[in-house]
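Novice: One predicted model, sequence on top.
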Amino acid sequence: MLRVATIENGKVRGLPAADPRVTSFKGIPFAAPPVGENRWRAPQPCPNWNGIREAFEFAPISVQDTPGLGTDIYCREWHVDPEIPMSEDCLYLNVWTNAKRVDERLPVLVWFFGGGFQWGYTAEMEFDGERIARRGVVVVSVNYRLAALGFLAHPEITALQPDSPANFGSLDQQAGLKWVVRNIAAFGGDPDNITIAGQSAGGMSVMSQMTCADNWGLFQRAIVMSGMFRSPYTKDSFVIPKSLSEAENTGAEFFKFMGVRSLAEARELDALTIRDKYGEFAKDHPRFAIILDDRFCREDPFRAFLLNRRAHVPILVGNTQDEFLSCIVAENREQFESRAREIFGKRADRFLAFDLSREKCEWGYAPVNDIECAVKAAFFAENKTKDPTPCYYYRFLPDIPGDDRPGTFHSVDLWFFFETLAKSTRPHRGRHYDLSRQMCNYFANFIKTGDPNGQDDDGSEMPVWQPYTDDCRAEMLFGDNGAVSSTENDTFMRFLSEHVYRETTGEELEDGNEASV
């Protein structure tokens, strides 16, 4: 087994995972510590070291609110340790490999965690890469800066470093990806067979990396789990990047709020002081996230995807059934119809003719899953191109056990895709483990070849997962009966996804593309 790897900065030694056929290397630095003068700068080159560096433990997590102090579902699921080490010195990554030799050229997964660009870390229990590595994939999880330390913009920063004025967390991800290209062969990985993947804000990160032209050619596939956001009814200012000037103004307000007059003074503050001040500031101001800096991010990544300005690689995307549901908020039918005419204009009558538009929920009418709608708008756009790349869609909808009856809440599918279900405290049963095995199989197959199909552990063929096209709007449903192939015939969803496409791109559609009632 590969227990020692020689990389560009020196040698690292890993440890046998629970399965000794897999070696885990934890806490490998991929950039210089982003502290002092490196705070709010693009990641700088990592210094070399002598001898063999022990890569036995996860490095400290990025500066963020202390995990495990709340009572929400995420503190129950995986943010369970308030004592987990935390530091501004956080630019480290982790590798799991079952390679025996450096020349095996195994496919590679590069994982970006989620958490709204405010929270999250590679040490979360569900992100253990061992089970995927057992399937012949080298797994890499990359840490990155968050919140005020990762996504602040300020006029003085822009003036001093116009080539990298913002999006430092995104640049960390990019630096991690480039590190993988340069070094993964030392772990038996293939630098020409890389899949980038992430969930929630990690999925949004994949979108931003896909639409950054500097990255084209660095990876061959992409997975976006619950990371395409767009409602057909409202605009969410968080998921649509703000302009650099708007973000700079907010950053200047934040400096005043902290009581500093210059970047130099702000760089002298303790990182936890900045964190705590940011927590207060965020009560009355938008949180910091990816912005349009005209360097890393030149346009809304979702819009860029729809307009075919992205890395042209196969993509696997999906959502859980119960996450991010939206509706047209109205107290009665009259208010609803009035609002629908504001939203859909000349197409309002067509919208109102759908039976599903009359469905009532707790907050209003016509509930829909925003992420599903966005994904199908993106796939609709991809299939309008002359040479579309394969697009695979899934929906996760099993019954999730627990006395809180949580439904398929946002992020619950992570336990299943990583096949780390045994670490969950929920009373899962055999069917859940069977589903998890299948999902991890599909996940690994896609990483290897760009096609999720293949055999189960007993040699039988798993249900066929076809690409999603206009002619065959194929879906893979992950539910209580395992993986089930399906074809969507929902004209209401098609109408809404085409509306999202139209509103996002500003392009009209030919009559033949309009969904009919």
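Specialist: All right, it came through fine. Numbers count the residues shown, from 1 in each chain.
Novice: Which pLDDT value belongs to the residue of the chain positioned farthest from its centre?
Specialist: Distance from the centre of the chain peaks at E334, with 38.7 Å (Cα atoms, centre = their mean). If you check E334, the pLDDT there is 95.
Novice: what does E514 give?
Specialist: pLDDT, E514: 53.
Novice: moving C-terminal of the helix or strand hosting the residue farthest from the centre of the chain, what's the next helix or strand?
Specialist: Applying DSSP states H and E as the criterion places E334 in helix 333-344. Sequence order places helix 348-352 as the next helix or strand after helix 333-344, per DSSP H and E.
Novice: As CSV, could you dump the C-alpha coordinates of the next helix-or-strand element following that following helix?
Specialist: Following helix 348-352 in sequence order, the next helix or strand is strand 364-369 (DSSP H and E). Output of strand 364-369 as CSV, limited to C-alpha atoms (Å, rounded to 0.1, in the frame of the first residue of the first chain):
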residue,chain,number,x,y,z
GLY,A,364,-49.4,30.0,-0.7
TYR,A,365,-49.9,28.3,-4.0
ALA,A,366,-48.2,26.2,-6.7
PRO,A,367,-45.3,24.8,-4.6
VAL,A,368,-42.2,23.6,-6.5
ASN,A,369,-38.7,22.5,-5.7
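Novice: For strand 364-369, name the packing helices and strands.
Specialist: strand 325-329, helix 333-344 (3 or more Cβ pairs under 8 Å, 6 or more residues apart in numbering; DSSP states H and E). C-beta here means a position set from N, CA and C on the backbone, and glycine is covered the same way.
Novice: Give the closest residue to L93 in space, chain neighbours not counted.
Specialist: Among residues not flanking L93 along the chain, V142 sits closest, at 4.7 Å (Cβ to Cβ, 6 or more residues apart in numbering).
Novice: D413 too?
Specialist: Closest residue to D413 apart from its sequence neighbours, by Cβ to Cβ, 6+ apart: F396 at 4.4 Å.
Novice: Surely the one you found is in contact with F416?
Specialist: Yes - using Cβ atoms under 8 Å, F396 is in contact with F416, at 7.3 Å.
Novice: which residues are common contacts for the two?
Specialist: Counting by Cβ atoms under 8 Å, 6 or more residues apart in numbering, the common neighbours of F396 and F416 are F478.
Novice: burial count for the residue nearest to P67 when sequence neighbours are not counted?
Specialist: Leaving aside its sequence neighbours, P67 sits nearest to H79 (Cβ to Cβ, 6+ apart; 3.9 Å). A count of neighbours around H79, defined by other Cβ atoms under 10 Å, yields 24.
Novice: ditto for the one 3 residues further on
Specialist: Close neighbours of P82, defined as other Cβ under 10 Å, add up to 10.
Novice: Setting the sequence-adjacent residues aside, check what's closest to it.
Specialist: Nearest non-adjacent residue to P82, counting by Cβ to Cβ, 6+ apart: G68, 4.2 Å away.
Novice: F446 now?
Specialist: P452 is the one closest to F446 (Cβ to Cβ, 6+ apart), at 4.2 Å.
Novice: Would you check how far apart the one you found and T487 are?
Specialist: Applying Cβ to Cβ, to the nearest Å, the value for P452 to T487 is 16 Å.
Novice: same question, D65
Specialist: According to Cβ to Cβ, D65 and T487 sit 43 Å apart.
Novice: Just want to know which of these two has more residues nearby.
Specialist: Per other Cβ under 10 Å, whichever of D65 and T487 has more neighbours is D65, with 17 against 10.
Novice: Give me the pLDDT value at V137.
Specialist: pLDDT recorded at V137 is 98.
Novice: try E507
Specialist: For E507, the pLDDT comes out at 89.
Novice: That one: neighbour count?
Specialist: Considering only other Cβ under 10 Å, E507 is surrounded by 12 other residues.
Novice: is it fair to say it lies in a helix?
Specialist: No - E507 is assigned coil when assessed by DSSP: H, G, I helix; E, B strand; the rest coil, not a helix.
Novice: so it makes contact with V500?
Specialist: No - checked against Cβ under 8 Å, the pair E507 and V500 is beyond contact range at 11.8 Å.
Novice: In the chain, where's the longest strand?
Specialist: Using DSSP state E, we find that the single longest strand of the chain is strand 189-199.
Novice: Let me see the residues that make contact with that one.
Specialist: 97, 99, 105-114, 138, 177, 180-182, 184-185, 204-206, 209-210, 218-227, 411, 413-414, 446-448.
Novice: Same check on stretch 439-451?
Specialist: 107-109, 131-132, 135-137, 193, 195, 197, 220-221, 223, 313-314, 316, 390, 392, 413, 416-419, 452-457, 462, 465, 476, 478, 483.
Novice: CA atoms only for it, dumped as PDB, please.
Specialist: Only the C-alpha atoms of stretch 439-451 are listed here, as PDB (Å, rounded to 0.1, in the frame of the first residue of the first chain):
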ATOM      1  CA  MET A 439     -25.800   5.500  -4.800                       C
ATOM      2  CA  CYS A 440     -22.100   5.300  -4.000                       C
ATOM      3  CA  ASN A 441     -21.700   2.800  -6.900                       C
ATOM      4  CA  TYR A 442     -23.300   5.200  -9.300                       C
ATOM      5  CA  PHE A 443     -21.300   8.100  -7.900                       C
ATOM      6  CA  ALA A 444     -18.000   6.200  -8.300                       C
ATOM      7  CA  ASN A 445     -18.800   4.900 -11.800                       C
ATOM      8  CA  PHE A 446     -19.500   8.500 -13.000                       C
ATOM      9  CA  ILE A 447     -16.200   9.600 -11.500                       C
ATOM     10  CA  LYS A 448     -14.400   6.900 -13.300                       C
ATOM     11  CA  THR A 449     -16.000   7.200 -16.800                       C
ATOM     12  CA  GLY A 450     -18.600   9.900 -17.000                       C
ATOM     13  CA  ASP A 451     -21.300   7.200 -17.100                       C
END
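Novice: could you pull out the strands for the stretch 101-250 of the chain?
Specialist: 106-112, 138-142, 189-199, 221-225, 242-243 (DSSP state E, counting those that start in this stretch).
Novice: Tell me the secondary structure at F302.
Specialist: helix.
Novice: what does K11 give?
Specialist: Judged by three-state DSSP, the three-state class of K11 is strand.
Novice: Show the contacting residues for it.
Specialist: Applying Cβ under 8 Å, 6+ apart, one finds that K11 lies in contact with 4-5, 51-53.
Novice: Assign a three-state SS to the closest residue to M258 other than its chain neighbours, would you?
Specialist: Excluding the flanking residues, the one nearest M258 by Cβ to Cβ, 6+ apart is K277, at 4.8 Å. Judged by three-state DSSP, the three-state class of K277 is helix.
Novice: residues near the closest residue to I223 other than its chain neighbours, how many?
Specialist: Among residues not flanking I223 along the chain, A197 sits closest, at 3.6 Å (Cβ to Cβ, 6+ apart). For A197, the tally of surrounding residues (other Cβ under 10 Å) stands at 25.
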